[in-house]
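Student: how does the following fold in three dimensions:
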Amino acid sequence: MTTASALTIAAGRAEHLRNVIRGFDAQTVPPVEMIVAVMQDAPYDDLPRTRFPVHQIMVPPRDGQLPLAAARNAAAAAASGDVLVFVDVDCIPGPGLIADYVAAARPGQGLMMGEVLYLPDGALRDGIDAGRFDGMGVRHSDRQAPPPEGLRACEDYRCFWSLNFALHRADWDRSGGFDEGYLGYGGEDTDFGRGLSERGMPIWWMRGGRVYHQYHPHCMPPIHQIPSVIRNADYFASKWGHRTMEHWLHAFRLMGLIENGAQGLRILRQPDDADFALCRQEPHMPYANTRRVLDRLQGIAGPERHDPARIREVERQQADMLARRAG
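Tutor: Numbering: from 1, shown residues only. Model prediction:
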């Protein structure tokens, strides 16, 4: 019988974590355990009772930054299941998540990314109800829809997102795990996807494996994380020859927050209230969206958003952030 371990990483967000645990306890096929990699000074208390053990392992911050990559690696190392199911702490698993992933995962299958529906503000006032969430949750406009059934190959490693994914333990071992040189926000997911691509390991979009993203105010692009985004973009370049997160960097540049010169990326000023007002997720928005901000900064509206020539020009401008500007 194939077993699965549920894995998450967490710092703060105690009620989010409790909801994740409740979601795993409501599975049609429960995990054999849940591993919580805790990125804060003390473990969580008052966690819900479950049909399976919940283990907390401590992965303290490094240099004042959350060690997201190291925490995922530590959670995987502590797990005993055949299939490793990673869900972010702000995502409630649907009742069939474990069953869906266990049915699809096998050695050599590669990595599978399940469905994500974003919940509006107030969705949890009446508790956790997957049927109700299915009716009110929305898909992210910049993410591909799942296939009609089964799996569909993801042809671009940059689409990998650690929000909700699973793979067999044998494939995790082959992947080498997340690069722990990334600290704080940004870059480690793209690096992991690039590593899978280099190893010839497939990434799949999956029908099922659904989670519900719990509403919480957020900024996109992440103007509250500019120093770590810059650091991690340059770290990515030290490995692969070019930066990543160029859409965020491009937005920062358009806002006058950074510049890209011969000496590399440089912060020009700190974000102000107007910047946060532009990037902040408001209560009527189920998710924050960098594309919305870029469109506003560049004066793109209506049908122009889908004009191929305009899309190519935006991509060209973003690509300028992949390397230092000459001279």
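
Student: going forward, measure contacts and count neighbours with C-alpha atoms only.
Tutor: Fine.

Student: now the strands: where do they sit in the stretch 51-200 of the chain?
Tutor: Counting by DSSP state E, counting those that start in this stretch, the stretch 51-200 of the chain has strands at residues 54-58, 83-87, 91-93, 111-113, 116-118, 151-153, 164-168.

Student: among those, which is nearest residue 219?
Tutor: Of all the strands of the stretch 51-200 of the chain, strand 116-118 sits nearest to residue 219, with 15.2 Å by Cα to Cα.

Student: and that closest one, average pLDDT?
Tutor: In this model, strand 116-118 has a mean pLDDT of 97.

Student: now swap in stretch 21-40 and tell me
Tutor: 98.

Student: distance from the chain centre to it, please.
Tutor: Stretch 21-40 has its C-alpha centroid displaced from the chain centroid by 18 Å (Cα atoms, centre = their mean, to the nearest Å).

Student: tell me the buried residues in it?
Tutor: By 16 or more other Cα atoms under 10 Å, the buried positions in stretch 21-40 come out as 21-27, 29-39.

Student: which ones among those residues map onto strands?
Tutor: If you go by DSSP state E, the buried residues of stretch 21-40 have 33, 34, 35, 36, 37, 38 in strands.

Student: most widely separated two among those residues?
Tutor: Maximum distance among these (Cα to Cα): 15.7 Å, for 33 and 38.

Student: picking up where we left off before, possible to save the ones in strands among the buried residues of stretch 21-40 as TSV with distance to residue 6?
Tutor: Below are those laid out as TSV (distance: Cα to Cα, whole Å):
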residue	distance to residue 6
33	6
34	5
35	6
36	9
37	11
38	14
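
Student: sorry, back to before: could you redo the strands of the stretch 51-200 of the chain as JSON lines and give each row distance to residue 193?
Tutor: JSON lines is the format used below for the strands of the stretch 51-200 of the chain (distance: least, Cα to Cα, whole Å):
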{"stretch": "strand 54-58", "distance to residue 193": "25"}
{"stretch": "strand 83-87", "distance to residue 193": "15"}
{"stretch": "strand 91-93", "distance to residue 193": "21"}
{"stretch": "strand 111-113", "distance to residue 193": "9"}
{"stretch": "strand 116-118", "distance to residue 193": "18"}
{"stretch": "strand 151-153", "distance to residue 193": "13"}
{"stretch": "strand 164-168", "distance to residue 193": "12"}
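
Student: mind checking how far the nearest residue in space to residue 51 that is not next to it in sequence is from residue 50?
Tutor: Excluding the flanking residues, the one nearest residue 51 by Cα to Cα, 6 or more residues apart in numbering is residue 25, at 6.4 Å. For residue 25, the distance to residue 50 (Cα to Cα, to the nearest Å) stands at 6 Å.

Student: domains in the protein, as residue ranges please.
Tutor: 4-213, 223-322 (automatic domain parsing).

Student: quick one: end-to-end distance for stretch 237-257.
Tutor: 21 Å.

Student: okay, buried residues for it please.
Tutor: Here stretch 237-257 shows 242-253, 255, 257 as buried, counting by 16+ other Cα under 10 Å.

Student: picking that back up, pick the most buried one from the domains of the chain.
Tutor: domain 4-213 (a mean of 19; mean count of other Cα atoms under 10 Å).

Student: I figured residue 196 hits residue 175, correct?
Tutor: Yes: here residue 196 reaches residue 175: they are 6.1 Å apart, a contact under Cα atoms under 8 Å.

Student: part of a helix, is residue 315?
Tutor: Yes: under DSSP: H, G, I helix; E, B strand; the rest coil, residue 315 sits within a helix.

Student: how far away is it from residue 205?
Tutor: 24 Å.

Student: tell me which element residue 7 is part of?
Tutor: Element membership for residue 7, per DSSP states H and E: strand 4-10.

Student: hmm, who's touching that strand?
Tutor: With contacts defined as Cα atoms under 8 Å, 6 or more residues apart in numbering, strand 4-10 is touched by 17, 24, 31-39, 68, 71-72, 75-76, 79-89, 98, 102.

Student: assign residue 278 to helix, strand or coil.
Tutor: helix.

Student: doesn't residue 292 make contact with it?
Tutor: No: in this structure, residue 278 is not within contact of residue 292 by Cα under 8 Å, at 9.5 Å.

Student: from the chain's centroid, how far away is stretch 190-209?
Tutor: 13 Å.

Student: swap that for stretch 123-135, sorry
Tutor: The answer for stretch 123-135 is 22 Å, by Cα atoms, centre = their mean.

Student: and for stretch 146-155?
Tutor: The answer for stretch 146-155 is 19 Å, by Cα atoms, centre = their mean.

Student: same thing with stretch 154-162?
Tutor: Per Cα atoms, centre = their mean, the centroid offset for stretch 154-162 relative to its chain is 11 Å.
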